[in-house]
Every structure is written in C-alpha cells, then in structure tokens.
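Enquirer: using only what follows, build the 3D model:
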Amino acid sequence: MGEYCEIEKGFCFLRCKDYRKGRCIGYYSTVVLPNGAKIRIPLNYRELNNYYEEFQMEVHKNGFITKEEIFKILKEKYGLNFSKRNLQFYVTEGLIEPGIIERVPGVTGSVSFYSEKVPEQIYAIDRLKKLRVKIRLNDIKYYLNLMKFFSKQETYQNEDTIKKLDILTFQELKNLKMEDTFVKGIILSDKYTKKQKNKVIKEFPVFHTEITFLTRWDLLEELIEALAYASLDFEEIKELRKKYEDWQIEPVLDNPAIETNIDLIDEKNIEQTFIFAKYDKPVSKTVYFKYHEIEVL
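Expert: Now for the predicted structure:
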C-alpha cells in the first residue's frame, strides 16, 4: 500500500513533498480498517491534489466502500431503494457487519466505510424477505453465517479458529441437506399417510407459501441464488437485457440450477465442498461456491 516510510516505519499511500525530501512531519491520524489495514494521513494533506480521491482508492483496495456507494450500488445494480435508517437497523440486528466511522481531514463531518460485500448481502436479505414465508431475522443471520464457509477469509484471523468454525459450518450445511432429502422423501411420496406427513412437517422446520412448502435447505438455495446473481458481471447483464426481452432473460436470472456435492464429502476433505448455480442461455454462466472462494465461469 503506497510507499514505505523509513522515518515512520510504516506505509504512507501519499508521496508528499516532505517524504520526497527525506523528512516526514508526522501524521494527522491513522485510519484502521476492520481487516487490520492502516491508512495514514499526513499533516500537510492540504498541499496535496485530489487527496480524498486517493484516500478512497486505498480504502477500495482493502475491500471497503462508503455508505453512499452502498446506496448507489443497491439502486443501480439491484433496483433497491435503501435508506440510512434501514442500514443502521441491519447493523443493529447483526445482519451485516458494522462499518467504521472516521473523521477524514478535508471532508465535512465523518465518513463511514463498510465491507464491499454489504450491497449483495442486503440484496440477498431482500430476496429472502420477498418469499413471503415466516422467517425471522435470526434465521436470515443463520443462513448468512453459513455462507461465510464460501467467503475468502481474512488473513489476520487465527487459522486454527477458522478451521474449527469451518468444520462446524460444514456439519450444519450437510445436516440441512440430509434434512431436505428426508423431509421431501416423506412429504412428496405416495407411500405415506397424511398423518405421517403431518408428523414430519410438525417435527421439522417447513416453511409454507401459498402454493408449496420450503425446507431450510430451500431457503439456503434462495440465498445462494441471490449471491450468485450478485457475483455476475453487472455490465454483461445490462448488455444482455438490451438484447433480449424480459421474458427471455429474467426467468433465467431468477432460477439457476443449484447442485452440490456436499452429500459425498466428509470432515476430512471439506476443502472439496462446492455448490454451484448454473444459468442457462442466454446468460450461460456458472457461479461456483467453493471452500473460501467464489468463482464465475
């Protein structure tokens, strides 16, 4: 990140004239991002051109965006109008990670920075809420936490702790899939009586809509579909929407085929776990959710 300053024994992303002359007059403050990255601000920032733009570039490199950028992405990419009040509510409820608030020289008031993943998380939450099933905020938080299994982990975290959490998450994912297979095997079969089916529905979490029922794994798949859409190239999707009618493109984007190998994986090889969302033509993309990685092919 920027130049290494021997005087301050740290990185400074601005090459101020004092640095070039071999002397440093100190720093106004140090902005510490949630991933541990530090952005130091020289006292003489007023002499620097486009200071705030350079500061934002460094923030972006570390995977963070401003609150204003969150609202812009939600509007332009997902068609969602989202308010500051709603954002604060999601933070308070633990649905998204809290941002950091800093006073940056040259900017009136404070500036808030959030993970660049926040817009897609908000979109995913909105998609679950539109299912019109009785799902609690804690349930949504539960599914979002499960999907961290497929997210890139921060290097500053303890590796042993990450591994233990990954194994627990893997077990939860596998249990959900097994539960899904069992519940659907009973409810959709003609071999069982209505009383037997009702007993299964009573004992296992099943969410009812106006026309069908959803298992907990089905809800996870809805979240996967939302995060898969968020991973697609927005500019490519815009071009496809110009070339095709809504009835040709929207059903494809809304209903990718979901497949997983989690039934065949055990704790010894959790790194091989994957879930993928495959989009038919004209999108023709597959989003792979792999261990600590999301890949679009």
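
Enquirer: please, where are all the helices along this protein?
Expert: Per DSSP state H, the chain carries helices over the ranges 17-20, 51-61, 67-78, 84-92, 118-129, 137-146, 159-187, 194-203, 216-231, 234-243, 246-254.

Enquirer: which among those is found nearest to residue 276?
Expert: helix 216-231 (8.3 Å; C-beta to C-beta). The way it works is simple: take the backbone N, C-alpha and C, and place the C-beta from them, glycine included.

Enquirer: how near is residue 193 to residue 148?
Expert: 41 Å (C-beta to C-beta, to the nearest Å).

Enquirer: ok, these two, which is more surrounded?
Expert: Per other C-beta atoms under 10 Å, whichever of residue 193 and residue 148 has more neighbours is residue 148, with 14 against 8.

Enquirer: and the pLDDT for that one?
Expert: Residue 148 carries a pLDDT value of 89.

Enquirer: tally of neighbours for the closest residue to it other than its chain neighbours?
Expert: Among residues not flanking residue 148 along the chain, residue 169 sits closest, at 7.0 Å (C-beta to C-beta, 6 or more residues apart in numbering). Counted with other C-beta under 10 Å, residues neighbouring residue 169 total 18.

Enquirer: what residue ranges in the stretch 101-250 of the chain score low on pLDDT?
Expert: Within the stretch 101-250 of the chain, the segments meeting pLDDT under 70 span 101-110, 153-157.

Enquirer: before we move on, back to that, could the helices of the chain go into TSV alongside distance to residue 268?
Expert: Putting the helices of the chain into TSV (distance: least, C-beta to C-beta, whole Å) gives the following:
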stretch	distance to residue 268
helix 17-20	51
helix 51-61	37
helix 67-78	39
helix 84-92	37
helix 118-129	30
helix 137-146	20
helix 159-187	10
helix 194-203	31
helix 216-231	23
helix 234-243	38
helix 246-254	37
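
Enquirer: ok, which of those helices comes nearest residue 292?
Expert: Across the helices of the chain, residue 292 has its closest neighbour in helix 159-187 (8.1 Å, C-beta to C-beta).

Enquirer: return the set of buried residues in that closest one.
Expert: 166, 169-170, 172-174, 176-177, 179-180, 183-184, 187 (16 or more other C-beta atoms under 10 Å).

Enquirer: what packs against it?
Expert: With contacts taken as 3 or more C-beta pairs under 8 Å, 6 or more residues apart in numbering; DSSP states H and E, helix 159-187 sits against helix 137-146, helix 194-203, strand 213-215, helix 216-231.
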